[in-house]
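> Need a 3D model of the following:
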Amino acid sequence: MSDVPLKIGCMKYDRTRALFDGTVEIPGADAVFEDARLASDVFERMVRDQAYDIAELGLTFYLRTLDLADPPFVALPVFPARHFRHAAVFVNTKSGIEQPEDLAGKTIGEFGTYGHDAGVVAKGVLADDYGVTPDQSHWLVGGVDEPMAPFGFVPFRHPADVDVTPAGRALGPMLATGEIDALISGRVPQCVVDGDPAVGRLFPDYETVEREYFTRTGSHPIMHILVVRREFLAEHPDVVHATCRAFGEAKDAALTQYRRGALGQHVELMIPWFTPLFERDDRMLNGDWWPYGVEKNRDTLDTFLRYFFEQGLGDRRRTVDELFT
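You can find the predicted model right below:
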């Protein structure tokens, strides 16, 4: 019996590289992998054209497809990207924003759309921990370092009581000149990378803040999820299960490589002090850095679902089990 043709769209991360180079294979599948310049390019191809059988999709974008009359995808409990997002809040240093509460009444930019993955988490944390809610600010949405209309492959949705408009210009330069006071973005603006003194982070010591957040909540926020076309799942459930296992093997292979690298102080990376960082992270994450599966991620996913609903991005508050086959 011939292998099933399988087209997968995802980014080439350390935890997926073994799939791209063939070190980890998917039994029963003739798999072809495709990445892109930006993860959002993969998202758009999947949502707009269903260009893949299985694809990485931003969690907020997947949730928006569930409100369609005929939802085209089912989530798989594989999470290719997760990230703490205190570091994703940038400010103009002359805006008067010295603490999170100072965001109230300010004009804030957001990358891509109102409610991209980093934005959902950052706004949720600001509301939970600091009492700062989106309706207290004015929002401009667009590209970070180049002008970009809001993503057109999902509805441009926001609550009626939240003032949101397309920016029309690049948000990074607007932050540097003070035309906006703050910016929430999973992509770091070039002005921040360049060390422009006019810009900085809301949480300058974001590592300490994010480690405290993880210690307190146990949540390592999920940004992206793997989804499968419903028709493909119905026709080839064994291949879909094999794909989940293969993504898990590829993730484990990356972590194994880091652990083996510790024997030589990670000389293959040549990043100064990477080994003590690895050891500190390994202790904090209890050796399971990027867990897949539903149960290990139930609380983290439920928190995202609560944020999504509270921010007016979904028709109702969904449960974790609704997301998966």
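> For the spatially most central residue of the chain, give its distance to Asp238.
Nearest to the geometric centre of the chain sits Met223, at 2.5 Å (CA atoms, centre = their mean). Taken as CB to CB, to the nearest Å, the spacing of Met223 relative to Asp238 amounts to 28 Å. Quick note: C-beta positions are derived from backbone N, CA and C, even for glycine.
> Ok, Pro100 next?
Distance check for Pro100 against Asp238: by CB to CB, it reads 48 Å.
> Neighbour count for the two, which is higher?
Using other CB atoms under 10 Å as the criterion, Pro100 and Asp238 rank with Pro100 on top: 18 against 11.
> what's the pLDDT at the more buried one?
Confidence at Pro100, expressed as pLDDT, is 98.
> right, and the helix or strand after the helix or strand encompassing Leu57?
Element membership for Leu57, per DSSP states H and E: strand 54-58. Scanning forward in sequence from strand 54-58 by DSSP H and E, the next helix or strand is helix 59-65.
> Tell me which helix or strand comes right after that following helix.
Toward the C-terminus from helix 59-65 - assigned by DSSP H and E - lies strand 73-82.
> gap between that following strand and the chain center?
Distance of strand 73-82 from its chain centroid, counting by CA atoms, centre = their mean, to the nearest Å, is 11 Å.
> Run the angle between that strand and strand 54-58 for me.
Angle of strand 73-82 versus strand 54-58, following axes from the mean of the first three to the mean of the last three CA atoms, to 10 degrees, is 60 degrees.
> Break the chain down into its domains, please.
If the domains of the chain are taken from automatic domain parsing, they occupy 4-82+222-314, 86-217, with pieces of a single domain joined by a plus sign.
> I'd like these as CSV, with distance to Leu323 appended.
Converted to CSV, the domains of the chain look like this (distance: least, CB to CB, whole Å):
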stretch, distance to Leu323
domain 4-82+222-314, 4
domain 86-217, 15
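> and of the ones you listed, who's closest to Glu322?
For the domains of the chain, the distance to Glu322 is smallest for domain 4-82+222-314, at 7.5 Å, taking CB to CB.
> Done for today, thanks.
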